[in-house]
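> Quick one, fold the following:
(one chain, ligands or ions: 1)
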Amino acid sequence: MKTITSIEEMKKWSRLALSNNKSIGFVATMGCLHEGHLSLIKTSTEECDNTVVSIFVNQTQFSPEEDFDSYPRNIKSDKLILQTAGVDIMFNPNQKDFYPEEFQSFVTVEKKTNYLCGVSRPRFFRGVTTVILKLFNIIKPNTAYFGEKDWQQLQVVRTMVRDLNMDVSIVGKPIVRDKDGLAMSSRNLNLSKSERRTALKLTQALEIVQTLVTKGESSAVNIRAKIQETIEKKQGAKIDYISVCDPENFKEQTEIHSRVLVALAVRIGTTRLIDNRIIEKN
Ligand code: AMP
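Residues are numbered from 1 along each chain as shown. Coordinates of the predicted model:
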C-alpha cells in the first residue's frame with residue numbers, strides 16, 4: 001500500500017489508473033478505523049480494481065465549540081489496518097494543503113440538510129459535501145462507499161451527486177454494530193465504561209421501537225415517547241433529537257404507514273452519538 005499526502009500526487013495516481021482502464025473505489029473516513037469502515041473497504045476491494053481510503057479529520061464540518069481537537073486519531077494503526085485490508089492508497093492530506101488560507105468555496109445541499117443533524121450542527125453538512133466534492137475531484141472514483149450509520153449524510157451526498165451530475169456511483173452499506181449492539185463509531189473511544197452502558201440505550205430504544213411496530217403500533221408520537229422514556233431512564237444522556245421521519249426527505253411523520261427512518265442523536269457526557277433504524281410496516 002502506498003501512502004499519499006500530496007493532492008497533486010493523488011491526482012496523478014488516479015488519472016494514471018483510469019487511463020489504464022482500472023476502476024477506483026473510494027471510502028472517505030476521518031480515521032480511527034473500525035469494522036464499520038472495514039465493511040465499506042471490503043466491498044470496495046471486492047468490486048473495484050483499486051481502492052483508495054482517505055483519512056482526514058475535516059475541520060470545516062465542525063463548529064468551533066465541537067470536538068475537532070478531541071476527535072480520536074490513530075494514523076499508525078489505521079495504516080496497518082488498511083495494509084491488511086488490501087487497500088492500494090491511503091490518502092492522508094494535511095489541513096493546510098486541503099484548505100489553504102484563501103479557501104472560500106463551499107457546496108451546499110439545501111432542503112435535506114434542514115432536518116435532524118442539520119438543526120443542531122448548522123455547519124456540518126456544508127463541510128461534509130465540500131470535503132466529499134473535493135475528494136471526488138481529486139480521486140475521481142468510479143464508486144464511493146458510505147455507511148448507513150450516517151443515513152442523512154448518505155442521502156445528502158446522493159443528492160449532491162444527482163443535482164451536480166457527478167460521475168460517481170454512491171453505494172450505501174448497513175450499520176455495523178459491536179457485539180453488545182452499539183453502532184460502531186470512532187467517537188465510542190471517548191466513552192467511559194459507564195457512558196458506554198448509557199450509550200446502549202440508543203440501541204435498546206431502536207429495538208423496542210421495532211418490536212412495538214411489529215406488534216401493531218403505528219403512532220409516531222407514541223414511538224417518540226417510548227424512545228425518550230428508554231433513553232432518559234439512564235442519567236447522563238441528553239437527547240438532541242428523536243425523529244420518526246421519511247427516509248428520503250426527513251419530514252416528520254405522525255403515523256407509520258409503510259417505511260420510516262427512526263433516527264436519534266444523543267449526547268453522553270461530551271460525546272455526541274447518532275444511530276438509526278429503518279422500520280417497515282407490513
Ligand atoms: P467517519 O470516519 O465516521 O467519517 O465514517 C466514514 C464512513 O464510514 C462513513 O461513510 C460512515 O457512514 C461509515 N461508518 C462509520 N461507522 C459505521 C458503522 N458502524 N457501520 C457502517 N458504516 C459506518
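
> near the ligand, which residues of the stretch 151-282 of the chain?
Among all residues of the stretch 151-282 of the chain, those adjacent to the ligand (criterion: C-beta under 6 Å from any ligand atom) are Lys173, Ile175, Val176, Ala183, Met184, Ser185, Ser186. C-beta: built from backbone N, CA, C; applies to glycine.

> Wait, a helix at the second one?
Pointing back at Ile175 there. No: when the secondary structure is assigned by DSSP: H, G, I helix; E, B strand; the rest coil, Ile175 falls in coil instead of a helix.

> Looks like it contacts Phe146 (just checking).
No: checked against C-beta atoms under 8 Å, the pair Ile175 and Phe146 is beyond contact range at 11.6 Å.

> Settle it for me: which of the two has more neighbours?
For the pair Ile175 and Phe146, the greater number of neighbours falls to Phe146 (22 against 17), based on other C-beta atoms under 10 Å.

> Which residue lies closest in space to the more buried one, excluding its sequence neighbours?
By the measure of C-beta to C-beta, 6 or more residues apart in numbering, the closest residue to Phe146 outside its immediate chain neighbours is Leu154, 4.7 Å from it.

> Next up, the contacts around that neighbour.
For Leu154, the set of contacting residues under the criterion of C-beta atoms under 8 Å, 6 or more residues apart in numbering consists of Phe146, Gly147, Glu148, Ile170, Gly172.

> So which of the residues you listed belong to strands?
Phe146, Gly147, Ile170, Gly172 (DSSP state E).

> For these, work out which two are farthest apart.
Spatial extent of the ones in strands among the contacts of Leu154 (C-beta to C-beta) is set by the pair Gly147 and Ile170 at 11.7 Å.

> who's more crowded, these two?
Legend: neighbour count by other C-beta under 10 Å for Gly147 and Ile170, higher for Gly147 (22 against 19).

> For the more buried one, name its beta-bridge partners.
With DSSP bridges as the criterion, Gly147 is bridged to Lys173.

> how near is it to Glu66?
20 Å (C-beta to C-beta, to the nearest Å).

> Send me the lengthiest helix in the chain as CSV with only the CA atoms.
Using DSSP state H to assign secondary structure, the helix with the most residues in the chain is helix 193-214. Once side chains and other backbone atoms are set aside, the C-alpha atoms of helix 193-214 remain, and they are given as CSV (Å, rounded to 0.1, in the frame of the first residue of the first chain):
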residue,chain,number,x,y,z
LYS,A,193,-17.3,2.4,30.8
SER,A,194,-20.4,3.8,32.4
GLU,A,195,-21.0,6.2,29.5
ARG,A,196,-20.9,3.2,27.2
ARG,A,197,-23.6,1.4,29.2
THR,A,198,-25.7,4.6,28.8
ALA,A,199,-25.0,4.6,25.1
LEU,A,200,-26.5,1.1,24.8
LYS,A,201,-29.9,2.8,25.5
LEU,A,202,-29.9,4.1,21.9
THR,A,203,-29.7,0.5,20.5
GLN,A,204,-32.3,-0.7,23.0
ALA,A,205,-34.6,2.1,22.2
LEU,A,206,-34.5,1.3,18.5
GLU,A,207,-35.0,-2.4,19.2
ILE,A,208,-38.1,-1.6,21.3
VAL,A,209,-39.5,0.5,18.5
GLN,A,210,-39.1,-2.4,16.1
THR,A,211,-41.0,-4.7,18.5
LEU,A,212,-43.7,-2.1,19.0
VAL,A,213,-44.3,-1.6,15.3
THR,A,214,-44.2,-5.3,14.7
